[in-house]
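[1] Let me see the structure of the following:
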Amino acid sequence: MFISIHDLELRTLEFRQEFPPEAIDLLPDVRQQGPMRASGRAALVEEHRGKKGVLEDIRLVGEVEARLEMKCARCLEPVAREVAASFDLLYRPLGVDAGVDEREVGVAEAEVGYYTGEGLLLEDVLREQVLLALPLKAVCREDCKGLCPRCGRNLNLEACACTTPAPDPRWSALKDLKEKLKK
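    Numbers count the residues shown, from 1 in each chain. Below is the predicted model of the structure:
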């Protein structure tokens, strides 16, 4: 759904959209299960800069929810997660802040995004919000044993035949020093 500056000059835009799986490209290891639902509104916000300068910012307020599947960070098995996020975003035309002398960026300005052309795609905004709502590392369960570092077997499903773990080569210099000190 394209949110156009020209449409927003006429009226506030209310949206309630459902996006089927694969409609919004997420990360390679993240799959959408079922529809992604989004609702909210887009409005034009005029920001006055000086006597003649007026910026047309787009303000997006809404919510997005989806059921996603990603891989467990320990064992690589699929993990399903419900993701929900609320957002209140401000988008400004790209380049309007260019040429401004170096200055400190305030908290409010750090929350500003930029758009090019005559508007922005709702799908791009939702993709960003869903990815930000994902956990950094998802695990299938708290006591997940992960994969054997030597043979790669899933230790949650079966024990591996590996007897002793391979020594970490980073410790070999200390091991050599220990042997020399024993003599």
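[2] Helix or strand next in line after the lowest-mean-pLDDT helix or strand in the chain, which one?
    Using mean pLDDT, DSSP states H and E, the weakest-scoring helix or strand in the chain turns out to be helix 107-110, at a mean of 50. The element immediately downstream of helix 107-110 (helix or strand, assigned by DSSP states H and E) is strand 112-115.
[3] so what secondary structure elements neighbour that following strand?
    For strand 112-115, the packing partners by 3 or more Cβ pairs under 8 Å, 6 or more residues apart in numbering; DSSP states H and E come out as strand 78-93. For glycine as for every other residue, the C-beta is placed from the backbone atoms N, C-alpha and C.
[4] partners of the strand it packs on, with directions?
    strand 53-71 (antiparallel), strand 112-115 (parallel) (DSSP bridges).
[5] would JSON lines of those strands with distance to residue 95 and mean pLDDT be doable?
    Below are the strands paired with strand 78-93 laid out as JSON lines (distance: least, Cβ to Cβ, whole Å; pLDDT from 0 to 100):
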{"stretch": "strand 53-71", "distance to residue 95": "11", "mean pLDDT": "89"}
{"stretch": "strand 112-115", "distance to residue 95": "8", "mean pLDDT": "82"}
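[6] Pop the domain breakdown of the chain in here.
    2-133, 146-183 (automatic domain parsing).
[7] Tell me how far the most centrally placed residue in the chain lies from residue 125.
    The structure's the chain has its C-alpha centroid closest to residue 131; by Cα atoms, centre = their mean the separation is 2.3 Å. Look at residue 131 and residue 125: by Cβ to Cβ, to the nearest Å, they are 11 Å apart.
[8] Strands of this structure, residue ranges please.
    2-4, 13-19, 31-49, 53-71, 78-93, 112-115, 119-121 (DSSP state E).
[9] okay if I get the ones you listed as JSON lines plus distance to residue 156 and mean neighbour count?
    Shown next, in JSON lines, are the strands of the chain (distance: least, Cβ to Cβ, whole Å; neighbours: other Cβ atoms under 10 Å):
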{"stretch": "strand 2-4", "distance to residue 156": "45", "mean neighbour count": "16"}
{"stretch": "strand 13-19", "distance to residue 156": "33", "mean neighbour count": "14"}
{"stretch": "strand 31-49", "distance to residue 156": "21", "mean neighbour count": "16"}
{"stretch": "strand 53-71", "distance to residue 156": "14", "mean neighbour count": "17"}
{"stretch": "strand 78-93", "distance to residue 156": "12", "mean neighbour count": "15"}
{"stretch": "strand 112-115", "distance to residue 156": "41", "mean neighbour count": "15"}
{"stretch": "strand 119-121", "distance to residue 156": "41", "mean neighbour count": "17"}
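[10] Indicate which one of the ones you listed is closest to residue 139.
    strand 78-93 (7.0 Å; Cβ to Cβ).
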